[in-house]
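> Just the structure for this:
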Amino acid sequence: MSKIYILLCLFLLVSCSSNTPDPNPSPQETMYFPPKTGDVWETKSIADLGWKQNAVQPLLDYLTLKNSKSFIILVNGRIVMEQYFNGHSASTPWYWASAGKTLTATITGIAQQEGLININNKVSDYIGTGWTSLPLAKENLITNKHLLTMTSGIEDIANGDNVSASKLTYKADAGTRWAYHNVYVKLQDVIAKASGQTWSNYFNSKLRDKIGMTGNWIQIDNNSVYWSTARSMARFGLLSLNKGKWESTTILNETYFNEATNTSQNINLGYGYLWWLNGKSSYHLPQSQLQFPGSIIPSGPNDMFMALGKNDQKIYVIPSKKMVVIRMGEAADNANLALSDFDNVLWQKINALYQ
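Numbers count the residues shown, from 1 in each chain. Here you go, the predicted structure:
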């Protein structure tokens, strides 16, 4: 046996026995789903994962500094970190803001799989004409899918977030312009009409109660905003990590889920069906027509998709790491944007746990 061969074997043996932390859980470990009732939730320690304990406190210090109220990391469904700040607790509800758009996207997919709607049909097929102030021919261009992808063509700046018909005015033909706007909430009206139920009742029976979430929709300034505990937000993140399945039950079919969490149009590559997408070659931001090169969160995993809301409400889902990260709280930097430098620095702190 040659010396070179022996040295190579020794090198491989040493390499395989390295203590370098692996950010990914064991492939043999099953995905865990907490019971639908009660406070029982399996945990996994930082030590169990081989992560760096000395990186925990800098992360918590940053979250405290940045006005956080709750923070959760799940790996394979198990809680690895769960912290509450500034008087918040596990039982305190908080608003999702625009992170709740992804709830509407999910329910839209459920309504389609039940045959109640088709996302390619025009909105006026369900709620009638005159729901905007657009000329009828322009209004009839707008489909449910245009609402899901923020490409309705409706004016996004001059009339603010008001979604009354008089404030929904023409800016461009549907499908030709990406612009972040609250007009997506008309999907809730579409589903209420198509199902013959209130939006809340349909949501509760088809999603909330099926995965053990708590919480309610509350009307604030012409917008329906979801409030829940951080653990309920984490349950939805876990459902999304598992591509719409809760244990062996399909809540949302995988075909629609994959459409929702991939680029949905060719204008803003970083946007799916009300989900933000990391790792794309370019992206747009709310209230801007500028195209920015590179990934939305450069320090974040490339396969990450995200629910992002005003004042830094966050659900990050990372399939490659079988991870879900939740952050609720006040604005990190006295800003109201769904995206800010907070995301990038936060992911630097999270990465330090296992890199």
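> What is the burial count for the closest residue to D39 other than its chain neighbours?
Computed as CB to CB, 6 or more residues apart in numbering, the closest residue to D39 that is not its neighbour in sequence is A90, at 7.6 Å. Where you see a C-beta, it was placed from the backbone N, CA and C, and this is true even at glycine. For A90, the number of neighbouring residues by other CB atoms under 10 Å comes to 13.
> A90 against I72, yeah?
No - the criterion here is CB atoms under 8 Å, and A90 misses it with I72 at 9.6 Å.
> who touches both of those two?
Contact with both A90 and I72 is made by residues 82, 230-231, according to CB atoms under 8 Å, 6 or more residues apart in numbering.
> Select from these the one having the most neighbours.
Most crowded among the shared contacts of A90 and I72, counting by other CB under 10 Å, is A230 at 25 neighbours.
> surely that residue meets S70?
Yes - if you go by CB under 8 Å, A230 and S70 touch, sitting 3.7 Å apart.
> Quickly note the distance from D221 to L187.
Note on D221: its distance to L187, by CB to CB, to the nearest Å, is 18 Å.
> quick one, which of those two is more surrounded?
Regarding D221 and L187, a neighbour count based on other CB under 10 Å identifies L187 as having more, with 26 against 9.
> that's a helix at that one, yeah?
Yes - secondary structure of L187 (DSSP: H, G, I helix; E, B strand; the rest coil): part of a helix.
> what about the closest residue to Q188 other than its chain neighbours, how many neighbours?
Among residues not flanking Q188 along the chain, W199 sits closest, at 4.4 Å (CB to CB, 6+ apart). For W199, the number of neighbouring residues by other CB under 10 Å comes to 20.
> which SSE is the residue nearest to D39 in?
Under DSSP states H and E, no helix or strand contains A90.
> gap between it and L134?
Counting by CB to CB, the gap between A90 and L134 amounts to 46 Å.
> what's the answer for Q112, then?
In this structure, Q112 and L134 are separated by 24 Å, where distance is defined by CB to CB.
> Which one's more surrounded, these two?
Taking neighbours as other CB under 10 Å, Q112 and L134 compare with L134 leading, 24 against 20.
> Around the closest residue to that one other than its chain neighbours, count how many other residues there are.
The shortest distance from L134 to any non-neighbouring residue, by CB to CB, 6+ apart, is to Y170 (4.7 Å). By the criterion of other CB under 10 Å, Y170 has 15 neighbours.
> I'd say Y170 and S152 touch.
No - between Y170 and S152 there is no contact, the gap being 10.0 Å when judged by CB under 8 Å.
> What is the least confident helix or strand in the chain?
Sorting the helices and strands of the chain by mean pLDDT, DSSP states H and E puts helix 3-16 at the bottom, at a mean of 36.
> So which residues make contact with the helix or strand containing W347?
Using DSSP H and E, W347 sits in helix 341-351. For helix 341-351, the external contacting residues (CB under 8 Å, 6+ apart) are 55, 58-59, 62-63, 66, 73, 296-300, 308, 312, 314, 325, 327, 332-333.
> what secondary structure does the residue nearest to the spatial centre of the chain sit in?
Per CA atoms, centre = their mean, the C-alpha nearest to the average position across the chain is that of A307, at 2.4 Å. What three-state DSSP gives for A307 is strand.
> For it, give me its contacts.
Taking CB under 8 Å, 6+ apart as the criterion, A307 is in contact with 96, 98-102, 237, 275-276, 313-315.
> With T129 instead?
If you count contacts by CB under 8 Å, 6+ apart, T129 has them with 136, 139-140.
> Now the residues you listed in JSON lines, please, with extra columns for distance to H284.
What follows is the contacts of T129, written out as JSON lines (distance: CB to CB, whole Å):
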{"residue": "L136", "distance to H284": "29"}
{"residue": "E139", "distance to H284": "24"}
{"residue": "N140", "distance to H284": "26"}
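> What's the ChimeraX line that selects buried ones from these?
The ChimeraX command for the buried members of the contacts of T129 (criterion: 16 or more other CB atoms under 10 Å) is given here:
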select :139
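> so which of the contacts of T129 comes closest to V40?
Distance from V40 was checked for each of those by CB to CB. The minimum falls on E139, at 49.6 Å.
> I'd assumed I127 was in contact with that closest one.
No - with contacts counted by CB under 8 Å, E139 stays clear of I127, the gap being 10.8 Å.
> the strands in the stretch 101-250 of the chain, which residues?
For the stretch 101-250 of the chain, the strands defined by DSSP state E, counting those that start in this stretch cover 216-220, 223-228, 245-246, 249-250.
> Please identify the most buried of those strands.
Highest mean neighbour count among the strands of the stretch 101-250 of the chain (mean count of other CB atoms under 10 Å): strand 223-228, with a mean of 20.
> other SSEs contacting that strand?
Judged by 3 or more CB pairs under 8 Å, 6 or more residues apart in numbering; DSSP states H and E, the packing partners of strand 223-228 are strand 94-95, strand 216-220.
> Neighbouring strands - and their directions - for the last one?
Partner strands for strand 216-220, per DSSP bridges, with pairing direction: strand 223-228 (antiparallel).
> pLDDT averaged over the partner strand - what is it?
Along strand 223-228, the predicted local confidence has a mean pLDDT of 92.
> Just the C-alphas of that strand, formatted as PDB.
Included here for strand 223-228 are C-alpha records, laid out as PDB according to Å, rounded to 0.1, in the frame of the first residue of the first chain:
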ATOM      1  CA  ASN A 223     -57.100  46.800   5.800                       C
ATOM      2  CA  SER A 224     -57.700  43.400   7.400                       C
ATOM      3  CA  VAL A 225     -54.800  42.700   9.700                       C
ATOM      4  CA  TYR A 226     -54.100  39.300  11.400                       C
ATOM      5  CA  TRP A 227     -53.100  39.200  15.100                       C
ATOM      6  CA  SER A 228     -51.800  36.100  16.800                       C
END
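> Fine by me, thanks again.
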